[in-house]
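**Student:** how would this look folded up:
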Amino acid sequence: MKRFWCFLLALVCPALADVEWRSFENADKTRSFQGRLVGYDPARKKVTVQKKSTLRPVTFSVALLSEEHRKFVEKRAVELEAAGGLRMMFYQTIEKTGSNRSGDTRTSSYNGGYKIEIRNFLRRAIQDVSVDYIVIYRKDSTKGNGTRSVKRGSRDLTALVPNYDENIVIDGIPLTSYYKAGSVSVTGAAGST
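**Tutor:** Below is the predicted model of the structure:
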C-alpha cells in the first residue's frame, strides 16, 4: 500500500519518496556523495538525485551507481513515478453554522476545514493509496495566541484514476467571529487555521 502524508501547516505539501539523505557510490565504489533520491525514469534508465552539497538535482545513468544503490533506486521506481505524476491542491472551506445578536455585538459560528484535491496525471491508475493528514490550528485566539489544536485523520483509496480528481474533505474545525455594530472589521476571532 502506498502511503502519502499531508501536513497542513501553512499549507505545506508532502514529499513522497525517500526523504533521507544517504550516500550514493559509483559502480567501483571509489567515489560517493550525499544525496536524496527524487526521480527515476525506468525507460531511459536515468536516475535523478538531489545533491546535499548544492541542493541541486543531478540526472545520470543508473549504471553509474554500485549494484546496491541500483537496487535501491529500482525498488523505489513505482513510488518515484507516482510522486512525479500526482498533484495535490489544498482549499480552505468555511460554512456558516449560526449567528447570534446580543446588544451591539453579533457572533457568527462557522465550520472550518480543508479540501484536499488529488489528481493523477499518469496514464495508469495508482492502486491501494492511503492518505494521512494532520491539521494544526489555533482556538480561543481572542485572548492572545490561544491554544494549539490538532486534527488527524486517514483515508484509504482503492485507486487514483488517471485525470480524475479525488477529493478528501476535512471539517469540524470550529471558528467564531465577533462583530461590533458600526464597525467594519472583525474585533476578534475565536479560532483560526
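**Student:** How about the contacts made by the nearest residue in space to Ser66 that is not next to it in sequence?
**Tutor:** Using C-beta to C-beta, 6 or more residues apart in numbering and skipping the chain neighbours, the partner closest in space to Ser66 is Glu25 (4.4 Å). C-betas here are computed from N, CA, C, even on glycine. Applying C-beta atoms under 8 Å, 6 or more residues apart in numbering to Glu25 gives the contacts Arg31, Ser32, Leu65, Ser66, Glu68, His69.
**Student:** Neighbour-wise, which one of those residues leads?
**Tutor:** Counting neighbours by other C-beta atoms under 10 Å, His69 leads the contacts of Glu25 with 22 neighbours.
**Student:** measure that one to Arg76 for me?
**Tutor:** His69 sits at a distance of 11 Å from Arg76 (criterion: C-beta to C-beta, to the nearest Å).
**Student:** list the residues that contact both of those two?
**Tutor:** What both His69 and Arg76 touch, as defined by C-beta under 8 Å, 6+ apart, is an empty set.
**Student:** still on that earlier bit, in the sheet, who's paired with the residue nearest to Ser66?
**Tutor:** On the basis of DSSP bridges, Glu25 is bridged to Ser32.
**Student:** quick one: contacts for Glu95?
**Tutor:** Per C-beta under 8 Å, 6+ apart, neighbours of Glu95: Tyr110, Asn111, Gly112, Asp171.
**Student:** Narrow those residues to those in strands?
**Tutor:** The members of the contacts of Glu95 that map onto strands under DSSP state E are Tyr110, Asn111, Gly112, Asp171.
**Student:** Which single one of those is nearest to Leu80?
**Tutor:** Asp171 (32.9 Å; C-beta to C-beta).
**Student:** tell me the SS of Tyr133?
**Tutor:** strand (DSSP: H, G, I helix; E, B strand; the rest coil).
**Student:** Same question for Leu122.
**Tutor:** Per three-state DSSP, Leu122 ends up coil.
**Student:** got the domain boundaries for the protein?
**Tutor:** The chain breaks down into these structural domains: 18-75, 86-192 (assignment by automatic domain parsing).
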